[in-house]
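Student: take this sequence and fold it.
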Amino acid sequence: MRDMMRVLALGAALGLAGGASSAVAGPDQPAERNVFVMTGRMLDESMGASLNIGGANYEDNHVTGIGMQWLGKPGRFVSLGYEAGAAMRRGKGQSTELWTGAVARLRAIDVAGDWQMTPSLVFGLSYVDAVQPGREAEQVKEYDGDASLLFYLSPEIEFSPQDRDWSLFWRLHHRSGGAEILGGMKGAANANLLGFRKRF
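Tutor: I've put the predicted structure just below:
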């Protein structure tokens with residue numbers, strides 16, 4: 001029964017995301033689509049401490065993922081849409097992650113030469129088929145929780161040359177129960193990832 005509820009919740013999230021994208025793009029607004037790949041390491045840190053990219057405590061767990069985004073026509077300050085992705089988590093153990101969520105991407109900022117910086121945020125749901133040994137397993141034990149289906153929250157900073165269809169990005173890949181709303185969990189897992197994105 002619990003497994004069925006998880007699947008239903010994930011399906012509902014996909015449906016809501018699709019509906020949101022349709023509302024954002026509209027029939028006369030071309031949607032931007034992009035695919036991306038990313039890889040990096042999981043951390044034995046809270047979400048806040050994970051932002052210290054160079055000084056954080058990294059685990060021997062690696063995350064490699066692929067995903068796709070659909071975004072509506074850019075607004076004055078923000079573009080809205082959704083994404084879906086999948087990742088393999090390997091190292092002390094092996095597990096598979098699937099996620100989907102809404103995307104809010106801010107307007108690009110010129111930083112140096114022809115390069116631009118674009119912040120964005122993804123919020124949705126993440127499902128894993130097994131708990132990864134390390135911080136995630138320790139959090140499950142501490143809260144006597146279930147880390148299978150949790151919230152997904154990922155701040156991202158993208159760097160791209162102007163008038164090009166590719167970019168590089170850093171993303172904090174974060175899973176949590178949202179103060180024990182899902183799975184009786186507070187925190188769960190974090191990973192610092194670097195990625196490459198191609199628009200089409």
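Student: check which helix or strand the residue nearest the centre of the chain maps to.
Tutor: For the chain, the residue nearest the mean C-alpha position is residue 154 (4.5 Å; C-alpha atoms, centre = their mean). If you go by DSSP states H and E, residue 154 is part of strand 149-161.
Student: residue 97 too?
Tutor: Using DSSP H and E, residue 97 maps to strand 94-106.
Student: show me the shaky parts of this protein.
Tutor: Within the chain, the segments meeting pLDDT under 70 span 1-31.
Student: run the last query once more with 90
Tutor: Across the chain, the ranges flagged by pLDDT under 90 are 1-31, 73-76, 112-113, 163, 200.
Student: tell me which residue lies farthest from the centre of it.
Tutor: residue 113 (28.9 Å).
Student: which stretches of this structure form strands?
Tutor: 32-43, 58-71, 78-90, 94-106, 109-112, 115-128, 149-161, 166-176, 189-199 (DSSP state E).
Student: who wins for proximity to residue 182 among these?
Tutor: Nearest of these to residue 182, taken as C-beta to C-beta: strand 149-161 at 5.2 Å. The way it works is simple: take the backbone N, C-alpha and C, and place the C-beta from them, glycine included.
Student: just checking, what packs against the closest one?
Tutor: Where contact means 3 or more C-beta pairs under 8 Å, 6 or more residues apart in numbering; DSSP states H and E, strand 149-161 is packed against helix 2-25, strand 94-106, strand 115-128, strand 166-176.
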